[in-house]
Each structure stands twice: as C-alpha cells, then as structure tokens.
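> Have a look at this prediction, sequence included:
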Amino acid sequence: MTRVVVVGASGFIGSHSARALAERPGVVVTAASRTPVARSAGTDGAESTIATVAVDLLDPASLAGAFVGADVVVHAASYVGKDAALSESTNIDGTANLVAAAHDAGVTRIVYVSTTSVYGTGPHRGVRVGDVPPRPESAASSDRHAAEGLVRDAGGVVLRPNLVYGAGDRWFVPALAKLTAGLGATIDSGRARISVVSADDLGRLVAAVALHPDVEKGSVLHAAAPEPVAIAQIHEALSAALGIPVPSRTVTVEQARAVLVPAAASEHQLALVTLDHWYDAEPAWNLAGDAPETAFSLTEAHKEWYRRALS
C-alpha cells in the first residue's frame, strides 16, 4: 500500500487529485484540508475510500499528525488572491511548515502544484522547463515560486499548470465568458494559443508524479495538454456545448485594454488571453501515459458545472 495525503483536498485541483489517486490500486488517500472536504460521486466509488483530516498550513501540529505513516504528500493548497500578507503566510510560511512536518514524519516525496505564472508575462511558445527564467509579477506568483524552492530543496517535485478547466473552475472559463460578453467582441480574433488542462487530467498527472518511482528529485514539470489551443477554439467549443454565442466582431488588444483595464480585468488577465502562453508538457505525459487527444474538451460533468457557474 502507498499512503498519500493530499493537502488542499477541498479545493478545485486538490479534490481532483485526491480522486485520481484513490482510483489507483494499492493507494490509500487521506484528504487534508482546513475546510470540510465535499463529497461527490467519484468514479467507481473512489470518493468513499478517501479518509479526511483537518489541517491548517499555519498549524504545524495539525500537519504532523496528518502525515504520520504517509509515503507521499501532495501540496495543492495555495493562496492566489491580492492580499500580500496572506499570500506570504500561506504560500511561504505554510509551505515551510508542510515541508518540515513531512520531513519529521519521514515522508519520502512531496509533490507541489504550482503555476506557470511564475514565468511572468509572455509571449511563451513551446517553453520547456529551463528555457525561460522565472519572473513572477505578483505577490502570489512570487511567493509560489519561493514555495517551489522550499519543496525542491527538500527533494520534492513541482508541477506547473497554466490554465485549468472543468467542474469546479471559477477562474478561467467564467472569466473568459464574462470578459467576452462585456466587450461584445472577441479580442484579436482569438488568435492567442495557450496551454490548458482539464482538472481531471491534471489530477491524473498529479497521481502519476506522486506514484512513479523514477521522478527526479527536485525536478519541475509542466502540466498541460500536449498541444496548445487557440482562444477562438475555446469560444467555439463553449458555443457548441453551452450555447454561448461567439461575438461576430473582434477588437484589437489596445481597444480591449481601454475598455477592460482596470475596470473589469488586470493587465495580467488580459495578457493571458491575448498573448501566446504554451508550455512543453511531454516529460509529464511520458510519466503518466494516456495523454488527452484534445486540449479543450467538455465532458457532461464539465457542461453541468459551467451551466450553473455561468447562469
């Protein structure tokens, strides 16, 4: 048996990671979170096999108790807002506490889910790990990069997704739909190509990295679909699946900026959907296998979630 504790298991990425791990034979999963872990129908009843425990990244005693007997800790608890003090305490101090507790409990591997935002604003095209030096531009991105260093120094592994979609997504598709509806137009005809990954596939990548015996200690992997997708293709997929109309007109990036920044979007948010941001994830899929054939594909569960989220 391999025992895995998923910290942040009540969150978007953590919940999918816990479920993917629980579906693996011979894996015992504990979902650790500061807030209650929601129960939902998992594939083949996987949810019913997941134990739960209350933890707080800023309470080392709660972490120590949760990690006893664990082989792997998955760290999927990050702060992504604008409060600089909360970002530092959660992302840096909290990660330091997690790393120390894991060490004290004899945990052999930590997997940290970070973000490609540590690279800063693009354009980025086909970037492999090491091609672009980190240049975080926000407190949250800077602190998450610092957290990466803590994990890697302890021999852990870092996964960097770009944009994540699927059931539970409150940031990517809802924001894109709101931005487009507010403009009544697409931006630059939706030419920008970006790396995306469904939360289900990201969970599979987390599980693969957590359980694979040959992942290099201290390594970094990009977590994305194998190929990038154009923003225009996402608009078309949302239209076909959810009936969201694709505007017939387009505006330039400069025109969009004049309307959106800072009223409805930040420069960073605008850059995410107007500049290329795509990253080479082949090393991660070499570990996981069974890579998705389509970068952006909505399952029935995704559609149900977005119908509610966008209503």
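It's in.
> Spit out the contact partners of Val53.
Residues in contact with Val53 (C-beta atoms under 8 Å, 6 or more residues apart in numbering) are Val5, Thr30, Ala31, Ala32, Gly65, Ala66. In this view, the C-beta of every residue, glycine as well, is placed from N, C-alpha and C.
> Give me the buried subset of those residues.
Among the contacts of Val53, those buried by neighbour count (16 or more other C-beta atoms under 10 Å) are Val5, Thr30, Ala31, Ala32, Ala66.
> Among the residues you listed, name the ones in helices.
Per DSSP state H, helices hold the following members of these: Ala66.
> Please point out which parts of stretch 208-217 sit buried.
Neighbour-count burial for stretch 208-217, counted by 16+ other C-beta under 10 Å, picks out Ala208, Val209, Ala210, Leu211, Val215.
> Wait, a strand at the second one?
Spelled out, it's Val209. No - looking at Val209 with DSSP: H, G, I helix; E, B strand; the rest coil, it is helix, so not inside a strand.
> these two touch, right, it and Ala284?
Yes - taking contacts as C-beta atoms under 8 Å, Val209 lies within contact range of Ala284: 7.1 Å.
> Can you pull the residues that touch both of those two?
The contact sets of Val209 and Ala284 overlap at Leu159, Leu221 (C-beta under 8 Å, 6+ apart).
> Go through the buried ones among the contacts of Val53 and name the one nearest His268.
Within the buried ones among the contacts of Val53, the smallest distance to His268 is 30.1 Å, found for Ala32 (C-beta to C-beta).
> And the closest one, how close does it get to Thr250?
Relative to Thr250, Ala32 is positioned 46 Å away (C-beta to C-beta, to the nearest Å).
> of the buried residues of stretch 208-217, closest to Pro136?
Set against Pro136, the nearest of the buried residues of stretch 208-217 by C-beta to C-beta is Val209 (22.4 Å).
> distance between the ends of stretch 82-91?
Using C-alpha to C-alpha, to the nearest Å, the span of stretch 82-91 from its first residue to its last is 13 Å.
> how about it: buried residues?
Per 16+ other C-beta under 10 Å, stretch 82-91 contains these buried residues: Ser87, Glu88, Thr90, Asn91.
> Pull the most distant pair out of these.
Glu88 and Thr90 (7.6 Å).
> and for these two, which residues touch both?
In contact with both Glu88 and Thr90: Asp143, using C-beta under 8 Å, 6+ apart.
> Enumerate the positions of the helix or strand where Thr52 lies that are buried.
Element membership for Thr52 (DSSP states H and E) is strand 51-54. Within strand 51-54, the residues that qualify as buried are Val53, counting by 16+ other C-beta under 10 Å.
> With just CA atoms, put it into CSV.
Taking C-alpha atoms only, strand 51-54 is exported to CSV below (Å, rounded to 0.1, in the frame of the first residue of the first chain):
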residue,chain,number,x,y,z
ALA,A,51,-10.4,9.4,4.6
THR,A,52,-10.5,13.0,5.7
VAL,A,53,-8.5,15.0,8.3
ALA,A,54,-8.5,18.7,9.3
